[in-house]
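**Q** Build me a model from this:
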Amino acid sequence: MSIHKKKAKKHVSGSSNKREAIAGVIAVISVCFFLLTLILWGISELVDDNFIVSEMIGAYSVSSLFLCFGIMFIALFVGIKGSWFAKIIFLFIVGFTVSGAYSFIETSALLYKDKAAYENKQFETIVMIPTGAEFDDPEHGTEFLMELEFNELIIDVYSFDITKSYYQENLSGKQLKIDFLPHSRYAVSVKVYQE
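**A** Prediction:
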């Protein structure tokens with residue numbers, strides 16, 4: 001084997017090892033975000049009696065989880081060689097997870113803006129029959145109501161743990177009175193309107 005071939009082989013092997021080392025460091029960062037997710041989720045459960053703080057930390061927890069997966073896919077992007085199709089898929093997933101993380105960070109910021117309104121009970125109120133309802137999609141188990149739609153207005157009701165069956169039997173098609181926070185549009189009370 002000639003000297004040039006040995007140098008080329010050594011160069012390829014060296015760059016491959018360097019790429020794998022970088023991917024490993026990025027994967028460790030991803031694991032750190034996963035641990036942060038668990039810590040934030042635990043804290044949000046501990047401060048459950050403070051609605052705004054609990055929801056804010058919960059939103060940061062979900063954002064951290066999105067970042068964990070996004071960073072893991074960056075590690076895969078850096079670590080694999082060849083397969084440009086796989087790398088394009090990884091970049092698409094990274095874009096999706098970063099977008100999701102940003103959305104939950106924005107939600108937390110809106111909840112912070114609502115802190116004074118919540119403490120002073122300065123809620124906005126709507127009395128109307130919902131024009132739509134969105135439920136979570138668990139693989140198994142109970143479905144819970146996530147959002148209620150009132151024409152262009154969407155109100156988050158997920159924290160009330162309203163099951164799909166309860167909603168369909170007791171709330172669907174009825175005029176509801178909902179108090180909600182002005183910026184984040186999180187509901188603080190949901191009940192059937194009584195004239």
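
**Q** before we move on, which element is the residue nearest to residue 76 when sequence neighbours are not counted in?
**A** Distances taken as CB to CB, 6 or more residues apart in numbering place residue 90 nearest to residue 76, at 5.5 Å, with adjacent residues excluded. Yep, even glycine has a C-beta here, placed from its N, CA and C like the rest. Secondary structure assigned from DSSP states H and E places residue 90 in helix 84-113.

**Q** Residues contacting stretch 26-39, please?
**A** 61-62, 64-65, 67-69, 71-72, 74-75, 78-79 (CB atoms under 8 Å, 6 or more residues apart in numbering).

**Q** Please identify the buried residues of it?
**A** Across stretch 26-39, burial judged by 16 or more other CB atoms under 10 Å covers 26-27, 30, 33-34, 36-37.

**Q** Among the contacts of stretch 26-39, which one is most surrounded by other residues?
**A** Most neighbours among the contacts of stretch 26-39, by other CB atoms under 10 Å: residue 67, with 24 neighbours.

**Q** per-residue pLDDT, it?
**A** We note a pLDDT of 96 for residue 67 in this prediction.

**Q** Remind me which helix or strand the nearest residue to residue 48 once chain neighbours are set aside belongs to.
**A** Counting by CB to CB, 6+ apart, residue 54 is the residue found nearest to residue 48 once chain neighbours are left out, at 5.1 Å. If you go by DSSP H and E, residue 54 is part of helix 51-79.
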